[in-house]
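Engineer: What follows is a predicted structure for the sequence shown.
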Amino acid sequence: MKSILLSLTFIFFTQTLLSQKKSVEKSVFGIQTGFLGIWAHNESRLSNQLSLRTEVGLNTGIWGGSFLYDKTGFLMNPVLTLEPRWYYNLDKRHRRSKRIDGNSGNFIAIKTSYHPDWFVISNYDNVNIISDLSIIPTWGIRRNIGKHFNFETGIGFGFRYIFGKKAGFLENDNELAANLHLRIGYKF
């Protein structure tokens, strides 16, 4: 996993130094919603093709009835995300007269998310989550719809570390994690 992250970081910086043409925007602020949550984000330019996305939001969870819960459960919990993004096709999109405003393009990212156990909004009382940290290399695209609206989709697989000891379990755990998202957003 470390070698993959180091390789991606090397590619990001190499490509950034070699291509100094079309650039991501200096700062993009917006909100997005999808099937499983709502998020506010800001993307700040680090170089011509590299941006740093910071995000705060509420992720949603749904589970079916079981012997503990007699009806379908629903919860929302906070998530904090830090995500460097490399927009690798801005020059190609610009040459083909396609929009690149609002960082509209294809990207590769390292999505790092933390789910704290601060609060939970649920249709059940006394529902808690176990805090976790995930690092997921992701490929995605963002496209504009008009002046302010956009859509974004991405897919990636990585690693999630679960802080079980803080929740009273005997040990912490880790597992494979996936990032599959489809979002509609508004850019301010």
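Structural biologist: Received it, and whenever you're ready, just let me know what you need.

Engineer: show me where the protein has helices.
Structural biologist: Assigned by DSSP state H, the helices in the chain fall at 2-18, 90-95.

Engineer: quick one: low-confidence parts of the protein?
Structural biologist: 1-21, 65-69 (pLDDT under 70).

Engineer: Residue nearest the middle of it, spatially speaking?
Structural biologist: Closest to where the C-alpha atoms of the chain average out (CA atoms, centre = their mean) is Lys111, at 5.2 Å.

Engineer: The nearest residue to Leu82 once chain neighbours are set aside: how many residues sit nearby?
Structural biologist: Distances taken as CB to CB, 6 or more residues apart in numbering put Thr112 closest to Leu82, at 5.0 Å, once the chain neighbours are dropped. To be clear about C-beta, it is placed using only N, CA and C from the backbone, and glycine gets the same treatment. Close neighbours of Thr112, defined as other CB atoms under 10 Å, add up to 15.

Engineer: How about Glu152?
Structural biologist: Other residues close to Glu152 by other CB under 10 Å number 20.

Engineer: Could you do Asp117 as well?
Structural biologist: Neighbour tally, Asp117, other CB under 10 Å: 15.

Engineer: Pretty sure it sits against Ile162.
Structural biologist: No: between Asp117 and Ile162 there is no contact under CB atoms under 8 Å: 11.3 Å.

Engineer: Common neighbours of those two, please.
Structural biologist: By CB atoms under 8 Å, 6 or more residues apart in numbering, Asp117 and Ile162 have these common neighbours: Ile130, Ser131.
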